[in-house]
Every structure is written in C-alpha cells, then in structure tokens.
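Participant: sequence unknown, structure follows:
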C-alpha cells in the first residue's frame with residue numbers, strides 16, 4: 001500500500017440494521033461502542049477517539065468500502081463520541097458506481113456493518129481476561145463492511161427514516 005496506510009492499522013467492525021433508505025445516500029450509525037468487547041477481545045474506552053477527532057475532523061477520516069483505500073465511497077458529515085460510542089453520519093457519493101451499489105444493498109438490508117480503521121496510541125492489556133482496553137486511538141477511516149468485528153456496530157438509519165438533531 002502507499003501513502004499513510006503504510007502504518008500498521010487495525011480494523012474493528014460493527015453491524016447495524018438500516019431503517020429506510022432514500023436516494024440521497026445519507027446514513028448514520030455507531031461505528032464503535034464503548035466498553036463492549038469485540039470478537040478480537042478489544043474494548044474501546046470512552047474518550048478514546050477525542051484527540052483524533054479534534055485533530056482530523058470529519059474530512060480527515062475516510063469513508064471506505066471494506067477498509068480498501070482504493071474504494072472510497074463518499075465522505076463523513078460528522079463523527080462524534082457520545083455516551084454510547086462513536087456515532088457517525090455520512091453521505092455516499094452517488095457519482096461513484098460502487099457507492100450506488102452499496103446504497104442499493106443498504107436499502108435491502110444486505111449491507112449494514114461498520115468498522116473502524118485505527119492505530120492504537122494508548123492501550124492496556126488485562127492478562128486475567130485477555131482483553132485489550134483501547135484508551136486512545138488515532139482514527140484513520142470508518143468503513144462500510146459485510147462482517148463487522150463488533151456485532152453491535154451497525155448502520156442504524158438511512159435518510160428518510162432519520163429525524164431529529166442528527167439530521168438537522
């Protein structure tokens with residue numbers, strides 16, 4: 001790989017059932033949930049994304065398909081930590097053929113997973129449980145994926161069903 005993806009990145013996947021989907025390509029969901037072990041025994045702690053989000057902002061975090069830097073799908077409109085985890089809102093670029101395909105699959109409920117690509121900056125291992133607690137990570141990308149590492153991380157809504165402050 002070339003560019004910034006030469007650094008060792010880790011991917012954490014999260015799935016969510018989409019509500020209804022409108023053709024504009026806007027969707028939202030949780031890309032990571034706090035204090036829940038994923039299938040790789042990683043646990044993201046509250047505040048883990050804070051510094052990275054402040055440094056990068058939404059434009060500095062890529063929206064990819066299956067963690068492939070050759071497959072950008074659009075852009076993130078917002079990424080924010082709340083009490084539950086990392087909540088994301090993005091827009092698929094419908095000028096891109098792959099993004100139109102993904103939107104069709106999201107509408108049918110066939111694709112609904114989210115996954116984070118990051119570099120751990122501060123983590124601690126718990127020998128007794130085998131868990132790694134991620135206290136600070138450098139978030140590089142959030143991908144739409146087929147199989148997320150954290151089964152609870154999913155796309156929760158695609159515009160049309162989305163109402164309220166997240167879509168204001």
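Facilitator: On my side now, so go ahead. Everything numeric in this text was worked out from a predicted model, so none of it was measured.
Participant: okay, CA-based contacts and neighbour counts for the rest of this
Facilitator: Fine.
Participant: residue 51 belongs to a helix, doesn't it?
Facilitator: Yes. Under DSSP: H, G, I helix; E, B strand; the rest coil, residue 51 sits within a helix.
Participant: any idea how far it lies from residue 146?
Facilitator: Distance, residue 51 to residue 146, by Cα to Cα, to the nearest Å: 28 Å.
Participant: more neighbours: the two, which one.
Facilitator: A direct count of neighbours by other Cα atoms under 10 Å for residue 51 and residue 146 places residue 146 higher, at 17 against 14.
Participant: which parts of the chain are strands?
Facilitator: For the chain, the strands defined by DSSP state E cover 10-15, 26-33, 42-44, 62-65, 68-81, 85-92, 113-126, 131-145, 155-158.
Participant: of those, flag the one that's most buried.
Facilitator: strand 26-33 (a mean of 27; mean count of other Cα atoms under 10 Å).
Participant: quick check: residue 93 vs residue 146, distance?
Facilitator: Taken as Cα to Cα, the span from residue 93 to residue 146 is 19 Å.
Participant: please identify the buried residues of the longest helix along the chain?
Facilitator: Looking across the chain with DSSP state H, the single longest helix is helix 97-107. Neighbour-count burial for helix 97-107 flags 98, 99, 100, 102, 103, 104, 106, 107 (criterion: 16 or more other Cα atoms under 10 Å).
Participant: take the residues you listed and write them to CSV, including pLDDT and distance to residue 86.
Facilitator: Output for those, formatted as CSV (pLDDT from 0 to 100; distance: Cα to Cα, whole Å):
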residue, pLDDT, distance to residue 86
98, 97, 25
99, 96, 22
100, 95, 25
102, 95, 22
103, 94, 22
104, 92, 25
106, 92, 20
107, 88, 23
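Participant: tell me the one among the residues you listed nearest to residue 59.
Facilitator: Taking Cα to Cα as the measure, residue 59 sits nearest to residue 99 out of the buried residues of helix 97-107, at 17.8 Å.
Participant: leaving out sequence neighbours, find the closest residue to the closest one.
Facilitator: residue 73 (5.2 Å; Cα to Cα, 6 or more residues apart in numbering).
Participant: now do the one you found against residue 65, distance only.
Facilitator: Taken as Cα to Cα, the span from residue 73 to residue 65 is 6 Å.
Participant: then residue 77?
Facilitator: Using Cα to Cα, one obtains 17 Å as the distance from residue 77 to residue 65.
Participant: now swap in residue 75 and tell me
Facilitator: 12 Å.
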